[in-house]
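Q: Sequence first, then the predicted structure:
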Amino acid sequence: MGVKQHVFGSFSERGNYYKLIRQWSKDYYIYHNLPFMNIFDIDKDTIKNLKLSESQIDFLKKTSIDYTLCDLEDKPIVCIEYDGLQQGFNLGTKYYSEQRNNVLREKGFNLKLQVSHYSSFPLFIVSTKEFEDLCHNIKLTIVDGIIGQVISQKNFKSEIEQPFNPEKYGMTLEEFLELSNEQKYYYIKKDCLYIEVDTYLENNPIINKASELHHLLGRPGYSLQGVQGVDYTRYYAKSCIVNLNSCGKIKSEVILPKFNAPGFCMGLLIDKIAELLAFNKAINLIYNSDY
């Protein structure tokens, strides 16, 4: 008998929690080890449509989620499961790990993913890699990018559902209505683009940091390419090549799980991670030190 040294399942789990606190605690609440049923409502329709057995319902009543990010009214936004044991990840409603030596663990993850997808809610299973800092001088993780992407997509959807405001472009509503359909489409499309850029810069720290470093470099040209030899059924992969007169071509490469979670698109995020790593490498070469 006695009291444990800390409430976390491992030192890694504890370290991950404080990394989340480091980045997100200003505007959001981070909860550790919340009961699954505190987040998801397993009602009669869920049970019927997912054909849940009594043993599966009993498991869901007893299980928990490692990390849950909520808004300031305690509404859940995204859940993260840390798979330190098998270093796996989610692909849609399926859990994948190259180790795959724990059938019960796999079944538990798959059940959680089924419920989260049915609820159209983003739940991610990540490995140690996704919780590591991207660089020793950039205290951001892939998980930070995942969370930022979910929040950005959620906020962007909310913003574009608002009525178009022509006053932003120096017009009254009457003047806007007098424009041709082609002109109206131009302004609405332009407005959506501005909202998208602002939303992602504001809510995704990786996209914000990549933009900051690109500006610091003087906005050099760069290109994004795929990576050969990658299983694209399970992973996304991108390389970024920055062209600098002083250093030549600087290249970075990123390979990440697809995840395929509701309310999440990996495409833009992996581009920005590749850019961020390449820009950071270029700055370190130019100044021969961390910026």
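A: Perfect, I can see it now.

Q: Could you use CA atoms for every contact and neighbour count after this?
A: Will do.

Q: and Ile147, what element?
A: helix 142-160 (DSSP states H and E).

Q: Could you check how many residues crowd around Ile131?
A: Careful, residue 131 is Phe; it's not Ile. Neighbour count for Phe131, taken as other CA atoms under 10 Å: 21.

Q: Ser12 too?
A: 13.

Q: Tell me how far it lies from Val103.
A: 23 Å (CA to CA, to the nearest Å).

Q: Same check on Pro257?
A: 21 Å.

Q: Likewise for Asp191?
A: For Asp191 relative to Val103 (CA to CA), the value is 50 Å.

Q: And for Ser116?
A: Ser116 is 20 Å from Val103, by CA to CA.

Q: do the same with Asn284
A: From Asn284 to Val103 the distance is 45 Å (CA to CA).

Q: of these two, who's got more company?
A: A side-by-side neighbour count of Asn284 and Val103, using other CA under 10 Å, places Asn284 first with 13 against 8.

Q: State the helix or strand in which that one lies.
A: With DSSP H and E as the criterion, Asn284 is inside helix 266-287.

Q: now what about that helix, what contacts it?
A: In this structure, residues lying in contact with helix 266-287 by CA atoms under 8 Å, 6 or more residues apart in numbering are 134-135, 145-146, 149, 206-207, 209-210, 213-214, 217, 224, 236-242, 246-247, 250-254, 256, 258-260, 289-291.

Q: and what of stretch 178-185?
A: Under CA under 8 Å, 6+ apart, the answer for stretch 178-185 is 176-177.

Q: Begin at 7 from now on, thanks
A: In the new numbering, first residue 7, that becomes stretch 184-191.

Q: mind checking how far it is from the chain centre?
A: Put simply, stretch 184-191 sits 36 Å off its chain's centre (CA atoms, centre = their mean, to the nearest Å).

Q: What does the residue of the chain most remote from its centre show for phi and psi?
A: In the chain, the residue that sits farthest from the middle, by CA atoms, centre = their mean, is Glu184; the gap is 41.5 Å. When read as degrees, to the nearest 10, the backbone of Glu184 gives phi -80, psi -10.

Q: Can you mark which positions in the helix holding Ile153 are buried?
A: 148-159, 161-162 (16 or more other CA atoms under 10 Å).

Q: how much does it deviate in direction from helix 272-293?
A: Here helix 148-166 points in a direction 120 degrees away from that of helix 272-293 (axes from the mean of the first three to the mean of the last three CA atoms, to 10 degrees).

Q: neighbouring contacts of helix 148-166?
A: 26, 29, 83-84, 128, 136-140, 198, 201-202, 205-206, 209-213, 269-271, 275.

Q: what about the strands in the stretch 157-297 of the chain?
A: 228-231, 241-250, 254-263 (DSSP state E, counting those that start in this stretch).

Q: swap that for the stretch 7-156 of the chain, please
A: 35-41, 70-76, 82-88, 95-97, 100-102, 129-132, 139-141, 144-147.

Q: Show me what the last one is packed against.
A: Packing contacts for strand 144-147, counted by 3 or more CA pairs under 8 Å, 6 or more residues apart in numbering; DSSP states H and E, involve strand 139-141.

Q: Against which helices or strands is the strand it packs on packed?
A: strand 144-147.

Q: contacting residues around the strand it packs on?
A: 29, 136-140, 211-212.

Q: hang on, the earlier thing: buried stuff in the helix holding Asn290?
A: 272, 275-289.

Q: report the angle between the axes of that helix and strand 254-263?
A: Using the same axes, to 10 degrees, helix 272-293 lies at 150 degrees relative to strand 254-263.

Q: Please state the offset of helix 272-293 from the chain centre?
A: 17 Å.

Q: re earlier: which of the contacts of helix 148-166 count as buried?
A: Applying 16+ other CA under 10 Å to the contacts of helix 148-166 flags 26, 83-84, 128, 136-140, 201-202, 205-206, 209-213, 269-271, 275 as buried.

Q: I appreciate the help and will end here.
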